[in-house]
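>>> Quick one, fold the following:
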Amino acid sequence: MTWEPETEEVLTADDVARLLRVSAKTVKRMAGDGRMPAQRVGRAWRFSRVAVLDWLASSDRRSA
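Now for the predicted structure:
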């Protein structure tokens, strides 16, 4: 997947937490552990909406 900042939405940990209905602490822990696609920008985590949704879909397939 190539990064296209003009067309791809970038989310914060709080945004991802709302999307997944979990706490921001859980999102940050999963990002830090490498279990969720994320990029560190300074001290903050940033997430590609497309990458998070793809990750979620692939996670669903593995557990089904």
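
>>> where along the protein do the strands fall?
With DSSP state E as the criterion, the chain has strands at 10-12, 39-41, 44-48.

>>> which stretch among those comes nearest A31?
strand 44-48 (4.9 Å; C-beta to C-beta). Where you see a C-beta, it was placed from the backbone N, CA and C, and this is true even at glycine.

>>> can you list contacts of the closest one?
3, 8-13, 15-16, 27-28, 31-32, 36-40 (C-beta atoms under 8 Å, 6 or more residues apart in numbering).

>>> Report the mean per-residue pLDDT for that strand.
For strand 44-48, mean pLDDT rounds to 97.

>>> Dump it to PDB, keeping only the CA atoms.
C-alpha atoms of strand 44-48 as PDB (Å, rounded to 0.1, in the frame of the first residue of the first chain):
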ATOM      1  CA  ALA A  44       1.700  10.900  19.200                       C
ATOM      2  CA  TRP A  45       0.400   7.900  17.200                       C
ATOM      3  CA  ARG A  46      -1.200   8.400  13.800                       C
ATOM      4  CA  PHE A  47      -3.200   5.800  11.900                       C
ATOM      5  CA  SER A  48      -4.300   5.500   8.300                       C
END
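
>>> Now it: buried residues?
45-48 (16 or more other C-beta atoms under 10 Å).

>>> so which of the residues you listed comes closest to D54?
S48 (8.8 Å).

>>> Now for the protein, the helix or strand with the poorest mean pLDDT.
helix 49-63 (a mean of 81; mean pLDDT, DSSP states H and E).

>>> got the contact list for R35?
Contacts of R35 (C-beta under 8 Å, 6+ apart): none.

>>> Quick one, grab the pLDDT at it.
Value for R35, per-residue pLDDT: 94.

>>> swap in V16?
Note for V16: predicted pLDDT of 97.

>>> check contacts around it.
Per C-beta under 8 Å, 6+ apart, neighbours of V16: 24, 27, 36, 47, 52.

>>> Understood, closing this out.
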